[in-house]
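[1] from the sequence below, what's the structure:
(chains A and B)
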Number of protein chains: 2
Amino acid sequence: MEKAARRSYRGVSFEDRLLDRRERLIDAGIAIYARKGTERASVAAICREAKLTGRHFYEIFGDRDAFFAEAFRSVTDSLLELVKAAIDPASPVVSALGGFFNALLDHPDEARVFLLELHNNDPLVLAIGKDFSARLTELIAPEVTQELMKVGAEGAIMQIARRWVSGGYTESVGDVANMAARFSFVGQDRRPTSRHPAKAI
Amino acid sequence: MEKAARRSYRGVSFEDRLLDRRERLIDAGIAIYARKGTERASVAAICREAKLTGRHFYEIFGDRDAFFAEAFRSVTDSLLELVKAAIDPASPVVSALGGFFNALLDHPDEARVFLLELHNNDPLVLAIGKDFSARLTELIAPEVTQELMKVGAEGAIMQIARRWVSGGYTESVGDVANMAARFSFVGQDRRPTSRHPAKAI
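    Below is the predicted model:
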């Protein structure tokens, strides 16, 4: 591996070529998943789309399930980067949410495959989803400390995102971000702030 | 069918016997799903648990997937009945939520199989889940009118329920219901009620 990493072809290192292929396959995978559904997307179709061979695919990812998990991880990492980049310290929650909804609008394939149509039982995929939720919640509900309130804010925002995407992005990013922000803010308060305070039961 | 419905055996009508078998199979299915997971639950194991034969099973349900969907429908119908029965007009939201969380506490198998471990891609199962969410939202967030706020309240409450169940029911029903209620109440207000009002972006 050490030796291979030092080899180069027309000035492009072996590692760079691997990274390039990896990226091309993931982009192709997302396109094929969006077009055919995750169940019916074949490795052959993904390789054709990426203009690479099955050998390249298996060399990098091992198998189809591992590839799906890697694509999911790559999409969630990029999404979190976009959210972070959008944060304005003057209004961190609403700006983070604006970044989140803008990213879903700009990347409809990723939004559909990994947010809307993700019914995947694979433990690795579930773990990536859980990790993504936790990291996203730190960005969009940073001041919520109670565990169940944090979970509630996250559930509200993800469900709003799912409905917004499946409904064809009808509302503006600003409107959706403002609505979602209300669920983030409610978790910050120690006591109910609504005009209908909850009574103990 | 008309004729069959009128036939009776030891004073029990054919229809009553069918209903009784249906119920026994569904109860057995839930027990087996909880014990083995939905993937590994076989029709044979379900029939053994119900002390009925495969012929009875296929006569009533047609196939394994249809059975799962019927069991899911039966569980969600019962859950909604328990929520309705718990509603106190003096505090409809918190009492409905108390009924919901109490039902999850009293029926841990159902909660685990159909709330926590439901990663099912079947269109019928997805439709039943969607219908359940919509009917539950009418009970636990009755005054929320804006579509995305309704969706947000539902997402928050379902996610709190999932975490509460997976976490082993650590918090009291009253505490969970009060926390969940805050996400229901936030949707009722026309403008943000938090001390951190959302700014337009």
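
[2] the strands in chain A, which residues?
    For chain A, applying DSSP state E gives strands covering A:8-9, A:12-13.

[3] pick out the shakiest of those, pLDDT-wise.
    Lowest mean pLDDT of these: strand A:8-9, a mean of 60.

[4] residue ranges with poor pLDDT in chain A?
    Regions of chain A meeting the criterion pLDDT under 70 cover residues A:1-11, A:189-201.

[5] mind giving me the domain ranges of it?
    For chain A, automatic domain parsing gives the domain ranges A:1-62, A:67-192.

[6] grab the most central residue of chain A for me.
    residue A:76 (2.9 Å; C-alpha atoms, centre = their mean).

[7] dump the residue contacts of that one.
    Residues near residue A:76 by C-beta atoms under 8 Å, 6 or more residues apart in numbering or on different chains: A:114, A:128-129, A:131-132. Quick note: C-beta positions are derived from backbone N, CA and C, even for glycine.

[8] would you map the helices across chain A?
    A:2-6, A:14-36, A:43-50, A:54-61, A:64-86, A:92-106, A:108-111, A:123-140, A:147-166, A:173-186 (DSSP state H).

[9] closest one to residue B:174 among the ones you listed?
    The minimum distance between residue B:174 and these falls on helix A:147-166, with 12.8 Å, by C-beta to C-beta.

[10] packing partners of that closest one?
    Counting contacts by 3 or more C-beta pairs under 8 Å, 6 or more residues apart in numbering or on different chains; DSSP states H and E, helix A:147-166 packs against helix A:92-106, helix A:108-111, helix A:123-140, helix A:173-186, helix B:147-166, helix B:173-186.

[11] go with 7 Å
    Helix A:147-166 sits against helix A:92-106, helix A:123-140, helix A:173-186, helix B:147-166, helix B:173-186, with contacts defined as 3 or more C-beta pairs under 7 Å, 6 or more residues apart in numbering or on different chains; DSSP states H and E.

[12] and residue A:31, which of the ones you listed is closest to it?
    Per C-beta to C-beta, nearest to residue A:31 of those: helix A:92-106, 15.2 Å.

[13] report the angle between the closest one and helix A:123-140.
    130 degrees (axes from the mean of the first three to the mean of the last three C-alpha atoms, to 10 degrees).

[14] against which helices or strands is helix A:92-106 packed?
    helix A:64-86, helix A:123-140, helix A:147-166, helix A:173-186.

[15] buried ones in that helix?
    Judged by neighbour count using 16 or more other C-beta atoms under 10 Å in any protein chain shown, the buried positions of helix A:92-106 are A:92-104.

[16] and which of those is nearest to residue A:12?
    For the buried residues of helix A:92-106, the nearest to residue A:12 is residue A:103 (30.2 Å; C-beta to C-beta).

[17] looks like the closest one contacts residue A:80 (just checking).
    No - judged on C-beta atoms under 7 Å, residue A:103 makes no contact with residue A:80 at a distance of 9.2 Å.

[18] ok, now which ones touch the nearest residue to residue A:149 once chain neighbours are set aside?
    Of all residues not flanking residue A:149 in the chain, residue A:187 sits nearest, at 3.7 Å (C-beta to C-beta, 6 or more residues apart in numbering or on different chains). The neighbourhood of residue A:187, defined by C-beta atoms under 7 Å, 6 or more residues apart in numbering or on different chains, consists of A:141, A:144, A:146, A:149-150, A:152-153.

[19] ok, residue A:103 next?
    Neighbours of residue A:103 in contact, by C-beta under 7 Å, 6+ apart: A:79, A:82-83.

[20] please apply the same query to residue A:104.
    A:111, A:161, A:165.

[21] buried subset of these, written for PyMOL?
    Only the buried entries of the contacts of residue A:104 go into this PyMOL selection, using 16+ other C-beta under 10 Å:
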select buried, chain A and resi 111+161+165
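
[22] adding distance to residue B:38, write the contacts of residue A:104 out as a markdown table.
    Converted to a markdown table, these look like this (distance: C-beta to C-beta, whole Å):
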| residue | distance to residue B:38 |
| --- | --- |
| A:111 | 28 |
| A:161 | 27 |
| A:165 | 27 |
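
[23] so which of the contacts of residue A:104 is the closest to residue A:183?
    residue A:161 (11.5 Å).

[24] residue contacts, the closest one?
    Contacts of residue A:161 (C-beta under 7 Å, 6+ apart): A:101, A:104, A:115.

[25] and the last one, what does it touch?
    It stands for residue A:115. A:161-162, A:165.

[26] again, 6 Å this time
    Residue A:115 makes contacts with residue A:162, as judged by C-beta atoms under 6 Å, 6 or more residues apart in numbering or on different chains.

[27] stretch A:32-42 vs chain B: in contact?
    No - using C-beta under 6 Å from any C-beta of the partner chain, stretch A:32-42 stays clear of chain B, with a minimum separation of 7.5 Å.

[28] measure that stretch end to end?
    8 Å (C-alpha to C-alpha, to the nearest Å).

[29] list the buried ones in it?
    So for stretch A:32-42, counting by 16+ other C-beta under 10 Å, buried means A:32-34, A:38, A:41.

[30] if we take those residues, which one ends up nearest to chain B?
    Comparing the buried residues of stretch A:32-42 against chain B with C-beta to the nearest C-beta picks out residue A:38 as the nearest, at 9.2 Å.

[31] how near is that closest one to residue B:57?
    Going from residue A:38 to residue B:57 by C-beta to C-beta, to the nearest Å gives 31 Å.

[32] could you do residue A:65 as well?
    Relative to residue B:57, and taking C-beta to C-beta, residue A:65 is found at 32 Å.

[33] now residue A:107
    Distance from residue A:107 to residue B:57, by C-beta to C-beta: 45 Å.

[34] surely residue A:96 touches residue A:141?
    No - look at residue A:96 against residue A:141 with C-beta atoms under 6 Å: they stay out of range, at 9.0 Å.
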